[in-house]
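S.K.: no sequence on hand, only this structure:
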């Protein structure tokens with residue numbers, strides 16, 4: 001019975017991803033240039049906050065005609081899977097190690113080693129040449145410094161939902177969706193602390209670990225919007241009124257902080273955010289790029305990948321968006337903030353184990369824990 005429910009849940013997830021994105025992709029394929037065959041469709045989960053539009057403009061300067069289709073990491077991965085027999089996208093940029101490993105295992109990537117591959121730490125590239133590292137992101141618990149001092153702020157994710165820490169209850173944003181790459185990385189970091197192969201473990205996690213998830217939803221708030229929107233909105237009676245912390249990716253801290261400096265009279269004047277470094281370290285996401293199997297624009301896609309991951313363009317990208325490139329030549333030109341974020345101690349996570357169980361965790365949490 002559980003196996004059947006799992007299959008049904010996965011089918012619904014794939015269908016939802018396709019319904020959400022198919023219209024925009026269809027429009028992208030025929031818009032603008034009268035159906036130019038060399039227009040590349042670039043799937044990504046890294047196009048928010050104005051990045052997609054900027055990216056398209058920069059690509060045009062380099063002679064590429066691209067349309068960036070942005071969505072959650074899991075939604076984009078599932079879309080590629082759903083389109084396996086009739087690919088609509090040409091290139092994927094983003095995801096994390098779990099997403100890339102899944103696509104590779106399914107045979108949905110073209111094998112190609114770009115010109116800049118040797119400038120990336122081999123640990124961040126697929127040894128068989130199906131995908132290569134682009135950026136390194138620390139995934140952080142951030143908090144509003146206008147509300148809490150460093151001493152008052154939590155020191156770890158688990159601090160937020162301890163029964164005795166009532167000062168944090170109702171102040172943090174809990175997940176209303178588990179399809180985002182950032183969310184799945186944080187979830188992996190929490191679950192890994194309770195990794196177990198004991199008889200009473202469920203989907204590789206001890207009962208103590210599942211109790212952490214229960215209390216997270218018990219004491220968290222299903223706030224609206226991204227975490228910056230949530231912690232900046234102190235409108236009385238709003239679901240976000242008392243939100244002071246939540247998850248975010250390191251490269252988005254500066255740009256989103258600046259976005260929320262000036263708000264209407266009903267908004268909190270966000271002066272900046274702090275971040276937490278748990279004793280176990282912080283989880284990292286290594287985003288990558290690869291060519292989608294079956295593209296009919298393979299040579300153009302290869303040239304695009306050569307340009308996109310080059311030290312020249314990655315330097316432009318990281319200085320504009322405060323990222324830290326996996327390209328070691330480009331990384332030398334990263335901002336001091338980006339270098340600081342990517343020098344934080346890393347949490348040890350068995351990513352193969354997390355990938356193996358992620359679908360089971362999503363199903364279990366969605367059905368039995370999520371508010």
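M.R.: Great, that's in hand. All figures in this text were calculated on a predicted structure; none of them were measured in a lab. Numbers count the residues shown, from 1 in each chain.
S.K.: any idea how the protein splits into domains?
M.R.: 2-136+285-341, 138-282+349-368 (automatic domain parsing).
S.K.: mean pLDDT and mean neighbour count added to the ones you listed, as CSV?
M.R.: (Each C-beta comes from the backbone N, C-alpha and C, glycine too.) What follows is the domains of the chain, written out as CSV (pLDDT from 0 to 100; neighbours: other Cβ atoms under 10 Å):
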stretch, mean pLDDT, mean neighbour count
domain 2-136+285-341, 85, 18
domain 138-282+349-368, 91, 18
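S.K.: now the strands for this structure?
M.R.: Using DSSP state E, the strands found in the chain span residues 40-44, 66-70, 91-94, 109-110, 132-144, 245-249, 273-276, 284-292.
S.K.: could those strands be laid out in a markdown table, adding distance to residue 325?
M.R.: Below are the strands of the chain laid out as a markdown table (distance: least, Cβ to Cβ, whole Å):
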| stretch | distance to residue 325 |
| --- | --- |
| strand 40-44 | 16 |
| strand 66-70 | 19 |
| strand 91-94 | 13 |
| strand 109-110 | 21 |
| strand 132-144 | 6 |
| strand 245-249 | 15 |
| strand 273-276 | 21 |
| strand 284-292 | 10 |
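S.K.: which among those strands is found nearest to residue 368?
M.R.: Nearest to residue 368 among these is strand 245-249 (21.5 Å), distances taken as Cβ to Cβ.
S.K.: give the other helices and strands that that closest one contacts.
M.R.: strand 132-144, helix 181-192, helix 227-232 (3 or more Cβ pairs under 8 Å, 6 or more residues apart in numbering; DSSP states H and E).
S.K.: who wins for proximity to residue 70 among those?
M.R.: helix 181-192 (12.2 Å).
S.K.: which elements pack onto that closest one?
M.R.: Using 3+ Cβ pairs under 8 Å, 6+ apart, helix 181-192 sits against helix 73-82, helix 97-105, strand 132-144, helix 207-219, strand 245-249, strand 284-292, helix 351-368.
S.K.: what sits up against stretch 48-58?
M.R.: 42, 44, 47, 66-68, 70, 252, 255-256, 259, 313, 316, 320-321 (Cβ atoms under 8 Å, 6 or more residues apart in numbering).
S.K.: nearest to residue 103, of these?
M.R.: Of the contacts of stretch 48-58, the one sitting nearest to residue 103 (Cβ to Cβ) turns out to be residue 44, at 13.8 Å.
S.K.: from residue 51, how far off is that closest one?
M.R.: The gap separating residue 44 from residue 51 is 8 Å, by Cβ to Cβ, to the nearest Å.
S.K.: same thing with residue 327?
M.R.: Residue 327 sits 18 Å away from residue 51, going by Cβ to Cβ.
S.K.: overlap of the contact sets of residue 44 and residue 51?
M.R.: Between them, residue 44 and residue 51 share these contacting residues under Cβ under 8 Å, 6+ apart: residue 70.
S.K.: so what's the backbone phi/psi at residue 63?
M.R.: Residue 63 adopts backbone torsions of phi 90, psi 10, taken as degrees, to the nearest 10.
S.K.: meant to ask about residue 175, not that
M.R.: Backbone torsions of residue 175, given as degrees, to the nearest 10, read phi -70, psi 130.
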